[in-house]
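Colleague: sequence first, then the predicted structure:
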Amino acid sequence: MNYNNKLYTFTYYLSNFSMHFWDILHGTDFSYVDKSVETNTNCPYYATPWASIHNLRQYIKNYLDDGKNHKVIDLGCGKGYMLYTFSKHSFDKVSGIEYSRHLKQIAIRNLKKLHMPNLPDIYKGDASLFREYHRYDVFYLYNPFDEGTLRNVIKRIMDTLDNHPRALYLIYCNPVYEDVLMEYGWKEVSHFYYKTKVYIYEK
Ligand SMILES: C[S@@+](CC[C@H](N)C(=O)[O-])C[C@H]1O[C@@H](n2cnc3c(N)ncnc32)[C@H](O)[C@@H]1O
């Protein structure tokens, strides 16, 4: 493991420790890592590190007009913490898709405990087969997929442009396969501490 990866792991566990206390205070379960979940991509559940969230929220405020006139979906939404985060902004729509039924149920339970006025839609399924991408323009990923699945997801998102032309934004936390985005013509426009990048695709 190189120095950067060690620092990332250290930051991750520090941030997850804080999230664990937050969970205790709110009666939720966002912080526990779940490696038992069966997905077709071998990418288990880890919550987005808190270390990334502050800057991500600043980006939404400053460059996405706090979410007004934008619709966001978390691809592989796990236990739903990012759905809660996005719901604090002014997005027209907040949704998630999750492969695991078990995690989807935990997400619904978590979000209900937080007494949110509008519960986000959570779809259960494989993101590479999802048919509703045309409804969204902001896509969030915390490294949920292997390269093949990411490629299929990106292709499926871009196929929606023919009938629904619009600018697309993709926020990729811990971007392991960013080459796939470059290959399809996405441009990196911002990056935050720590290992979170924003890409835009404009026709
Ligand atoms: C690293 S976790 C990220 C969780 C959440 N986005 C967050 O930031 O807190 C990745 C999630 O992707 C889900 N996942 C993996 N493959 C998937 C697929 N093909 N379709 C939908 N979800 C998938 C996993 O079950 C896991 O919950």
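Modeller: Now that the structure is in, tell me what you want to look at. Numbering: from 1, shown residues only.
Colleague: for the protein, what lies in contact range of the ligand?
Modeller: Counting by Cβ under 6 Å from any ligand atom, the residues of the chain lying close to the ligand are 37, 39-41, 43, 45-48, 74, 76-78, 81-82, 97-100, 103, 126-128, 142-145, 149. No exception for glycine: its C-beta is placed from N, CA and C like everyone else's.
Colleague: mind giving me the ChimeraX command for buried ones among those?
Modeller: Applying 16 or more other Cβ atoms under 10 Å to those, the buried members can be selected in ChimeraX as follows:
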select :39,41,43,45,46,47,48,74,76,77,78,81,82,97,98,99,100,103,126,127,128,142,143,144,145,149
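Colleague: just the ones of the residues of the chain next to the ligand in strands?
Modeller: Judged by DSSP state E, the subset of those located in strands is 74, 97-98, 142.
Colleague: quick one: those residues as TSV, columns for pLDDT too.
Modeller: Output for those, formatted as TSV (pLDDT from 0 to 100):
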residue	pLDDT
Asp74	98
Ile97	98
Glu98	95
Tyr142	94
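Colleague: can you put the residues you listed in JSON lines and add distance to Leu161?
Modeller: Formatted as JSON lines, these follow (distance: Cβ to Cβ, whole Å):
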{"residue": "Asp74", "distance to Leu161": "21"}
{"residue": "Ile97", "distance to Leu161": "19"}
{"residue": "Glu98", "distance to Leu161": "25"}
{"residue": "Tyr142", "distance to Leu161": "24"}
